[in-house]
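[1] heads up, no residue letters with this:
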């Protein structure tokens, strides 16, 4: 068995981050990923047979004995998101006077219920959307009202199954959800006092 010696010294490493508190988990994840990439060559030397799936540099011997590197690609994830990363946002002509805008203090399920009903009323058809479409559509149109994270949509809507239904990865409003969303529209337009939380 061959031996090796590895020494890593990080002197003067400083990391300073500013931003909204809601972005802190994503920022921490990105910093952790970047730091792990620094240590990746050491892990490859130590245990090349225990490589993980993901974006990592993989050393391979070529026919002439030299070493080359190539980037391993991570497969597209599918599942509860009901769509790929290229799923477009749903569009409609938003009537501010008729529907208002979602309030920042609303929970994600309230924002989603409001948006689904607004889309239904504006387009005249039942709104059925994947988790990707829900997050992308809301964040493109109403980012200032607070971001909706795609990874949390199915979890949040699943806990309110009396208001939301799901079929083949697409979420829609049930009757009770429509009733709640009607009140949210009144609240968003200033025609109803905010509901007690």
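    Ah, there it is. Please read all numbers here as calculations on a predicted model, not as lab measurements. Residues are numbered from 1 along each chain as shown.

[2] going forward, measure contacts between C-alpha atoms and count neighbours the same way
    OK.

[3] residues of the strand or helix carrying residue 183 that come out buried?
    Assigned by DSSP states H and E, residue 183 belongs to helix 175-188. Applying a neighbour-count criterion of 16 or more other Cα atoms under 10 Å, one finds 177-178, 180-188 buried in helix 175-188.

[4] quick one: contacts of that helix?
    Residues from elsewhere that reach helix 175-188 (Cα atoms under 8 Å, 6 or more residues apart in numbering): 99-103, 110, 113-114, 117, 162-164, 192-194.

[5] buried members of those residues into ChimeraX, please.
    Command for ChimeraX that selects the buried part of those, burial taken from 16+ other Cα under 10 Å:
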select :99,100,101,102,103,110,113,114,117,163,164
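
[6] let's see which of the contacts of helix 175-188 end up in helices.
    Using DSSP state H, the members of these that fall in helices are 99, 110, 113-114, 117.

[7] count of neighbours near residue 29?
    11 (other Cα atoms under 10 Å).

[8] check which helix or strand it maps to.
    helix 24-46.

[9] what sits against the nearest residue to residue 116 once chain neighbours are set aside?
    Excluding the flanking residues, the one nearest residue 116 by Cα to Cα, 6 or more residues apart in numbering is residue 127, at 5.8 Å. Each residue near residue 127 by Cα under 8 Å, 6+ apart is listed here: 116-117, 119-120, 172-173.

[10] sort out which of the residues you listed are buried, if you could.
    Judged by 16+ other Cα under 10 Å, buried ones among these: 116-117, 119, 172-173.

[11] which SSE is residue 151 in?
    Taking DSSP H and E as the definition, residue 151 sits inside helix 150-158.

[12] stretch 161-172: end-to-end distance?
    Distance between the two ends of stretch 161-172: 10 Å, counting by Cα to Cα, to the nearest Å.

[13] same question for stretch 3-18, mean pLDDT?
    Stretch 3-18 comes out with an average pLDDT of 69.

[14] kindly report the same for stretch 140-150.
    What stretch 140-150 shows for mean pLDDT is 91.

[15] for that stretch, buried residues please.
    The neighbour-count check on stretch 140-150 (16+ other Cα under 10 Å) flags 142, 145-148, 150 as buried.
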